[in-house]
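> Predicted coordinates and the sequence they were generated for:
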Amino acid sequence: MKATEIAEKVLSGEVSARSVVEHHIETINKIESDVNAFNLVTAEQALMDADEIDSKIASGETLGPLAGVPISIKDNLCTRGVETTCGSKILEGWKPPYNATVIEKLKEAGAVVMGKTNLDEFAMGSSTENSAFGPTRNPHNLELVPGGSSGGSAAAVAAGFSPLALGSDTGGSIRQPAALCGVVGVKPTYGRVSRYGLVAFASSLDQVGPFANTVSDAALTLEVISGHDPRDSTSIPEKPLDISEVLDQGVDGMRIGVIEELSGKGLEGISPDVSSRVEEAIKVFSNAGAIVESASVPASIYGLSAYYVIAPAEASSNLARYDGIRFGPRTEAATTAETMTATRTKGFGDEVKRRIMLGTYALSAGYYDAYYGKSQRVRTLIMNDFAKAYEKFDILISPTAPTTAFPLGDKTADPMQMYLQDVCTIPSNLAGHPAMSVPFGFGEDGMPVGIQILAPAMAEREMFQAAKVLESESGEGIE
Amino acid sequence: MNGWETVIGLEVHAELATKTKMFSSALNSFGGEPNSNTDPVSLGLPGSLPVLNEKAVELAIRVGLALNCQVQKSVFARKNYFYPDMPKAYQISQFDLPINKEGWLELPDGRRIGIERAHLEEDTGKITHVGGGGRIHEASYSLIDYNRSGVPLIEIVGAPDLRGPDDARDYVSELRSILVTIGASDGKMEEGSLRVDCNVSVRRDGAEELGTRCEIKNINSLRSLGRAIEYEAKRQIEIIESGQEVEQQTRHWDEAEGRTHKLRSKEEAFDYRYFPEPDLVPIEPSEEWVKEIGKSLPPLPRDRRHLLADAIGVEPTETSLIVQRDLDTFALQAISSNADKNRVLVHLENNLADGIGKLTPEAFASLTVMETNSELTATQTKTVLADLVESGGEPQEIAKSHGFESMDNSELEKIVDRIISENSDDWLSYINGDETERKKKSGFFVGLIMKETSGQADGKIVNQILSAKAES
């Protein structure tokens, strides 16, 4: 059932929140052991929350637009009193004393948290294989990865564990797993959704966003979690989004650019499965009245390189606080410095260590200008190139990921191959622009393909309008 | 030291007097139960984010304007290093774009000391090492109190324009006085709300190039500051005179041993890997706001020194102590009540160090007039002054109650004659002696006469009588 339908039926008293939550717990009990979408299922708490909603409805209280809707939360979002691990041993057992702003907003809207979903450690990865608590598997084919880093959230929605999930997207961590799992995934404009309570990976790139089975469910969730938060200085002083009112307006007359550097022949390593779906999407948009042309964002090809300096640099600083002194497990040693070293050596996985080293190096005296400084200049170039493209186009499209889901273990030995999974998604993070992945059919391998829709800063509404068109023509997304 | 010049530049950290911390709503207050004034932000918990305290920015701008700095658009930066008192393992500070740059501070003698920058940053927590005499290496365990973590600081970086321990102390006193006057900080060195790091180098007199400097940390009082500079300058001079070179180091002042110890050399210095803080946006104070803050500044110590000095007719160096004691307004009120200006200066400096108590400017003014009119002797004046401070009142009445009525000169003359006849040998030496001898004997006679009159005689008049008698 769609989230919007659940909320409608719960609010009208047609079904109880408890029965909705029980139904989803049953699904979890059946196949979660195969999928491993969750680090923690909070079934008992979810049932208690559902009962509370039911009693409120019985007593005639007004409830929010997500009343009784189950949602799964990526395990790098702080939940008060509920273990938040970031998929890392270094935070094992840590229970935050506070809720992330998005959690507060979801609760206020009546959503019921089902549990904390698996992720690549500290959101660093594209397959959820970097989790300290074992990989998540793709519900469409358990031999394949769900993508990452929000693989647990994407899989939870795809597997029917909850109609909604939250993830975080630093370089594609919502959109790429959404594409690989065949669900909708949205990265909003940087600053649209509060980062307060999101455990930081790369602060200037991180953004929280929703997963859903349908475009309208994703829109509703984004409406609920968006809006200014005084606790996040980078939060945009704007009211929450209203997308629903324009969702069905179509793309007639809309100018849509296909980013040539990230599609078709312009992108090395793109699979024919993916390319042919992009061609198909162009037809759908044209048929719906859009003007579709090739667009160029030349600097986007440097996105990956700039990203792998900026994100690790910020991460090296953000992850420095995990020293075993104040929270998390500690590995004792002779001196304070040795204790910190031992704690971090034992607590962090290989990919996290790789990025901490990369970032520390990039910020070091004598290297700063050559790496961090230069990457920031590339970032500006990318923004400028996007700005030029948006003079001609309302929105841009590209594949979300160059391939469909790949087998577990396929890319773990070669970090560069793994990093290339995010080549299409990274430019939006560097620019701070919104982008989303919409499931659009399947490849010949039978696995879902996602189309990425990109928009200028603050233009989520146009982005969703286009997404809705694509969804209605794909024959997918309607349960 | 002869032939050598000591060059000093100070970095002063002052805690800003805000209600709450720099980046969160936890309280900024000294001395609470350990870790009681904390929250997710000041503990650096995962997911927490800093939100800038506007009051801290306002106070920083006040400091900048009071130090004649340019206030500019500024950016926060992360200064990365591992230490348990630093919960995020980075300090939010400012690096290439500080909020205030290029100002100056005027010492009481009129010399201007350059201020390179005055930037905002957050304070760290506080570590107590338990066992092993409080030393880190021998401690059995350590406790961390994060109450101080996230308290707003302003770091004021002075130019190497100071030339000795006295200069350094004058600079810190003046700076502290400014910070307190403008309400930016309580300036308490003993509570650590004002902390001084000191860069010292030496060079031969007349040399233009600066010597290699050492930075001295752990200076907790003005006294230690002077001692540390003296010790360090001597150490460096000895190194150079023995033909070696001074190594650039960070050194630790040991108050008990009265010496500095090496902490680390330049090669071992931390690489702080500064980069712009992505969790905060640049501070761009509007011109109007800066102007408004400028207008709200109270008169600064420098202006107050000049104002009082002009009113008395002396150099500003002479009024510096009075301004430091915050007694300049009182002095000006007394002067406008027709006080004797010079006596005002003398009494405020020497006899009112503990405050004015119940003394009013008017009573003070009358007292100085009585003194200069020889209605009261210096000793009597002091007694009356002390009474006025203690319980207020009118100086005339207090003088009367003590029986301080000036003596009849004829009566005094009789006493002088008697004392002379009782000490004829001394009187002869007074008459015939050289100037030195005469001075000595004059002191002798005045002392005896004072004793005889229980201090009621005016020393000046006694001297006049003595010299008149010697002439006749």
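Received it, and whenever you're ready, just let me know what you need.
> Report the contact partners of the residue in the stretch 301-450 of chain B positioned nearest to chain A.
As assessed by CB to the nearest CB, chain A sits closest to residue B:301 within the stretch 301-450 of chain B, at 35.8 Å. For glycine as for every other residue, the C-beta is placed from the backbone atoms N, C-alpha and C. Applying CB atoms under 8 Å, 6 or more residues apart in numbering or on different chains, we find residue B:301 in contact with B:174, B:177, B:178, B:181, B:320, B:323, B:324.
> Spatially, what comes nearest to it if we skip its sequence neighbours?
In space, and not counting its chain neighbours, residue B:301 is closest to residue B:177: 4.6 Å by CB to CB, 6 or more residues apart in numbering or on different chains.
> how much space between the one you found and residue B:294?
Using CB to CB, to the nearest Å, one obtains 19 Å as the distance from residue B:177 to residue B:294.
> For the lowest-mean-pLDDT helix or strand in chain A, could you pull out the residues that count as buried?
Of all helical and strand segments in chain A, the minimum by mean pLDDT, DSSP states H and E falls on helix A:415-419, at a mean of 90. Neighbour-count burial for helix A:415-419, counted by 16 or more other CB atoms under 10 Å in any protein chain shown, picks out A:418, A:419.
> One more: stretch A:64-74?
Buried residues in stretch A:64-74 (16+ other CB under 10 Å): A:64, A:65, A:66, A:67, A:68, A:69, A:70, A:71, A:72, A:73, A:74.
> and those residues as a markdown table, adding secondary structure?
Below are the buried residues of stretch A:64-74 laid out as a markdown table (DSSP: H, G, I helix; E, B strand; the rest coil):
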| residue | secondary structure |
| --- | --- |
| A:64 | coil |
| A:65 | coil |
| A:66 | coil |
| A:67 | coil |
| A:68 | coil |
| A:69 | coil |
| A:70 | strand |
| A:71 | strand |
| A:72 | strand |
| A:73 | strand |
| A:74 | strand |
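> Model confidence score at residue A:20, please.
pLDDT, residue A:20: 98.
> residues contacting it?
A:1, A:6, A:10, A:50, A:68, A:69, A:70, A:112.
> Using the three-state scheme, assign it.
Residue A:20, by the three-state scheme (three-state DSSP), is helix.
> Need the residues that contact the helix or strand following the least confident helix or strand of chain A.
Using DSSP states H and E, the next helix or strand after helix A:415-419 towards the C-terminus is helix A:426-431. For helix A:426-431, contacts defined as CB under 8 Å, 6+ apart pick out A:169-172, A:187, A:190, A:205, A:207, A:262, A:297, A:300, A:303-304, A:306-307, A:310, A:378-379, A:382-383, A:386, A:434-435, A:454, A:457.
> Do me a favour and average the pLDDT over the helix or strand following helix A:426-431.
Downstream of helix A:426-431, the next assigned helix or strand under DSSP H and E is strand A:435-442. For strand A:435-442, the mean per-residue pLDDT is 97.
> Equivalent analysis for stretch A:151-163, please.
Computed over stretch A:151-163, the average pLDDT equals 98.
> same question, stretch B:382-394
For stretch B:382-394, the per-residue pLDDT averages 83.
> all strands of the chain, in order?
Just so you know, I chose chain A. Using DSSP state E, the strands of chain A run over residues A:38-41, A:70-74, A:112-117, A:164-168, A:184-187, A:208-212, A:255-259, A:291-295, A:395-399, A:435-442, A:448-454.
> I was after chain B.
Using DSSP E, strands in chain B cover B:4-15, B:70-71, B:76-80, B:90-94, B:100-106, B:112-122, B:126-130, B:141-145, B:152-158, B:194-204, B:214-219, B:249-254, B:259-265, B:275-276.
> In chain A, what residue lies closest to chain B?
Nearest to chain B, among the residues of chain A, is residue A:320, at 3.3 Å (CB to the nearest CB).
> How much space separates residue B:108 from chain A?
Remark: distance between residue B:108 and chain A (CB to the nearest CB, to the nearest Å) = 40 Å.
> confidence score at that residue?
88.
> can you give me the angle the biggest helix by length in chain B makes with strand B:194-204?
Using DSSP state H to assign secondary structure, the helix with the most residues in chain B is helix B:222-241. Counting by axes from the mean of the first three to the mean of the last three CA atoms, to 10 degrees, helix B:222-241 lies at 30 degrees to strand B:194-204.
> Please identify the buried residues of helix B:222-241?
B:222, B:224-233, B:235-237, B:240.
> Which parts of the chain belong to which domain?
Just so you know, I chose chain A. A:1-297+A:379-479, A:306-369 (automatic domain parsing).
> The chain in question should be chain B.
B:4-294, B:301-401, B:409-471.
> And the last one, end to end?
To tie it back to what came earlier, the one meant is domain B:409-471. With CA to CA, to the nearest Å applied, domain B:409-471 spans 18 Å between its terminal residues.
> Of all the residues in chain B, which one is nearest chain A?
For chain B, CB to the nearest CB, closest residue to chain A: residue B:89, 3.3 Å.
> how many neighbours does the nearest residue to that residue once chain neighbours are set aside have?
Leaving aside its sequence neighbours, residue B:89 sits nearest to residue A:320 (CB to CB, 6+ apart; 3.3 Å). Neighbourhood size, residue A:320 [other CB atoms under 10 Å in any protein chain shown]: 22.
> so what's residue A:336 scoring on pLDDT?
At residue A:336, pLDDT is 87.
> quick one: contacts for it?
If you count contacts by CB under 8 Å, 6+ apart, then residue A:336 has B:84, B:142 around it.
> Pull the number of nearby residues for residue A:88.
27.
> sorry, that was for residue A:331
Counted with other CB under 10 Å, residue A:331 comes out at 16.
> which ones are touching it?
Contacts of residue A:331 (CB under 8 Å, 6+ apart): A:324, A:339, A:342, A:343, A:345, A:346, A:347.
> Swap in 7 Å and give it another go.
Residue A:331 sits next to A:324, A:339, A:342, A:343, A:346 when contact means CB atoms under 7 Å, 6 or more residues apart in numbering or on different chains.
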